[in-house]
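**Student:** Test case, fold it:
(one chain, ligands or ions: 1)
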Amino acid sequence: MTTGREFTIFGAGLAGPLMAVFLARAGHRVRLIERRADPRRAGAERGRSINLALSTRGIDALRRVGLADGVLAGAIPMPGRMIHAKDGSLSFQRYSKDGTQAINSVSRSGLNCMMLDAAEREPGVEIVFGRRCVSVDFDRRRAVLVGGAGEREEVAFQHAIGADGAFSGVRASMQLRDRFDYQQSYLSHGYKELTIPAGEGGAFRMEKHALHIWPRGSYMMIALPNPDGSFTCTLFWPFEGPYSFAALKKAEDVLWFFRVEFPDAVPLIPDLVRDFQENPTASLVTVRCSPWHVGDGAVLIGDAAHAIVPFYGQGMNASFEDCVRLSEALARHPASVERAFEEFGRLRTPDTDAIARLAQDNFIEMRDKAARASFRAGKHAQHALERWLPGLYLSLYEMVSFTTIPYAQALRRAQRQRAVVLTALIAAALLLATMLLSLL
Ligand SMILES: Cc1cc2nc3c(=O)[nH]c(=O)nc-3n(C[C@H](O)[C@H](O)[C@H](O)COP(=O)(O)OP(=O)(O)OC[C@H]3O[C@@H](n4cnc5c(N)ncnc54)[C@H](O)[C@@H]3O)c2cc1C
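**Tutor:** The predicted structure is shown next:
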């Protein structure tokens, strides 16, 4: 039986505590070890996105352990995108055919605290804060931890789970082993967060129920609503080049750039120059690696296994889905954790590879195509097909954001649908041409 085992999870960000809940419910003992201080006492750490879009996959994972309703109670549904043109005009693009489906803006720190509370409520879960995993000896099943004052300690584990994010310490130790494949690639764009504060009495100064996008071709700014009436804007911009984080630093240059590119946002961001100059510029990385496990000693989940760029809003959703898939694999193989770890990685990698690719492609859709009339027409056509062919045709966005169809399957189905639609269009055009010719 796998019940009654001990799992040590490194990283108590988003996936770690959820995985702890799944394992505890299956009867295992869990120790969560987190680098940071307890965010419920120390406050949120700066440097990551303040809010995130939670969609069906993440909600499904939370629902399985009874956490979805609590999380959604504090979320703001966003049923579509609000596109901000340079002249200040707005256009709303629904995400689903009838506008009933929405992605949800949630606070990263609020969610993290809720997940930690949920993990702590489970009997058999212990959380240790302020300890960074610096190396793992998989053969001896020992990990070296470093505390805030530099103190080192060695801890023993039975099975380890690396949920320690894109720059995982557990994965770094796996990289030292033979035949571990690893690939990381940075985008040439970075991101910086800016704040649109709430209006009087906590009023939202833009449409509350929308993900706002200022698409500008090779870069863009987006904004997600927060429950206090503010919006968190994220500027995705090149690190280098004539218009870039490296080139524009002086207050007058920053103001000039924003007035030209995002004129309607400028009056809404009172601390624009200060935010721009003081807030960190962060990078965006895609990580692929294989295998995700070392025997029955350790396995990776979440960003540690497959960090992706944020343009499909799926990194956290995929990480939550990992917790479901790993729990299912452990339940399928009660006698062998190694088989469960191996099967989890083998079955899950095609899906995370697919969403990594889709996320990169979606940057071009958001920053460039979303502003074009042809793109809007294409979306209308997709929604019309969804209405005419219910259950038969589903847009890729719908499958990724509003179903739990495995990502790789969703991608293949979208490619097939596209081929069928193109063939049907060509056939219809040929038929029309033949009919017209026969009339001559
Ligand atoms: C700008 C931006 C916007 C995003 N927007 C979205 C979105 O809208 N929707 C979405 O689904 N996803 C989004 N994501 C992705 C999402 O943030 C990640 O996919 C998600 O946080 C992954 O969860 P995780 O638990 O694997 O990693 P993390 O949330 O990064 O948690 C890792 C934890 O491990 C800890 N840790 C790190 N190293 C160690 C160590 N050596 N020892 C112990 N602990 C350690 C960290 O302190 C952290 O608490 C976005 C990402 C970015 C950068």
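**Student:** from here on, contacts and neighbour counts on C-alpha atoms
**Tutor:** Will do.
**Student:** what's the closest non-adjacent residue to residue 97?
**Tutor:** Of all residues not flanking residue 97 in the chain, residue 383 sits nearest, at 4.5 Å (C-alpha to C-alpha, 6 or more residues apart in numbering).
**Student:** Return the distance of residue 29 relative to the ligand.
**Tutor:** Applying C-alpha to the nearest ligand atom, to the nearest Å, the value for residue 29 to the ligand is 18 Å.
**Student:** In contact with residue 193: list those residues for me.
**Tutor:** Residues near residue 193 by C-alpha atoms under 8 Å, 6 or more residues apart in numbering: 49, 232-235, 275-276, 279-280.
**Student:** Mind doing that once more with 6 Å?
**Tutor:** 233-234 (C-alpha atoms under 6 Å, 6 or more residues apart in numbering).
**Student:** Which strand or helix spans it?
**Tutor:** Residue 193 belongs to strand 181-196 when assigned by DSSP states H and E.
**Student:** In the next helix or strand after that strand, which residues are buried?
**Tutor:** Of the helices and strands lying after strand 181-196 in sequence (DSSP H and E), the nearest is strand 211-215. Within strand 211-215, the residues that qualify as buried are 211-215, counting by 16 or more other C-alpha atoms under 10 Å.
**Student:** Identify, from the residues you listed, the entry nearest to residue 59.
**Tutor:** Nearest to residue 59 among the buried residues of strand 211-215: residue 211, at 18.3 Å, using C-alpha to C-alpha.
**Student:** Just to check, that closest one is in contact with residue 222?
**Tutor:** No. Taking C-alpha atoms under 6 Å as the definition, residue 211 is not a contact partner of residue 222, at 7.1 Å.
**Student:** since we're on residue 192, how many residues are nearby?
**Tutor:** 23 (other C-alpha atoms under 10 Å).
**Student:** Can you give me the pLDDT of it?
**Tutor:** pLDDT, residue 192: 96.
**Student:** The ligand contacts on the chain?
**Tutor:** Contacts of the chain with the ligand, taken as C-alpha under 6 Å from any ligand atom, map to 10-16, 33-36, 48-49, 52-54, 132-134, 163-165, 168-169, 302-304, 310, 313-317, 319.
**Student:** Is there a quick PyMOL command that grabs whichever of these are buried?
**Tutor:** What follows is the PyMOL syntax for the buried subset of the residues of the chain next to the ligand, where burial is set by 16+ other C-alpha under 10 Å:
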select buried, resi 10+11+12+13+14+15+16+33+34+35+36+49+52+53+54+132+133+134+163+164+165+168+169+302+303+304+310+313+314+315+316+317+319
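**Student:** Keep only those of the residues of the chain next to the ligand that are in strands.
**Tutor:** Among the residues of the chain next to the ligand, DSSP state E puts 10, 33, 52-54, 132-134 in strands.
**Student:** Would you format those as CSV with pLDDT included?
**Tutor:** CSV is the format used below for these (pLDDT from 0 to 100):
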residue, pLDDT
10, 98
33, 98
52, 96
53, 98
54, 98
132, 98
133, 98
134, 98
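**Student:** follow-up on the earlier one: buried by neighbour count: which residues of the strand holding residue 193 qualify?
**Tutor:** Buried residues in strand 181-196, counting neighbours by 16+ other C-alpha under 10 Å, are found at 189-196.
**Student:** Which strand or helix spans residue 417?
**Tutor:** According to DSSP H and E, residue 417 maps onto helix 407-439.
**Student:** picking that back up, and of the buried residues of strand 181-196, the nearest to the ligand?
**Tutor:** Minimum distance to the ligand across the buried residues of strand 181-196 is 6.8 Å, recorded for residue 191 (C-alpha to the nearest ligand atom).
**Student:** what are the bridge partners for the residue lying closest to the closest one once chain neighbours are set aside, then?
**Tutor:** Excluding the flanking residues, the one nearest residue 191 by C-alpha to C-alpha, 6+ apart is residue 236, at 4.5 Å. Counting by DSSP bridges, residue 236 is bridged to residue 191, residue 220.
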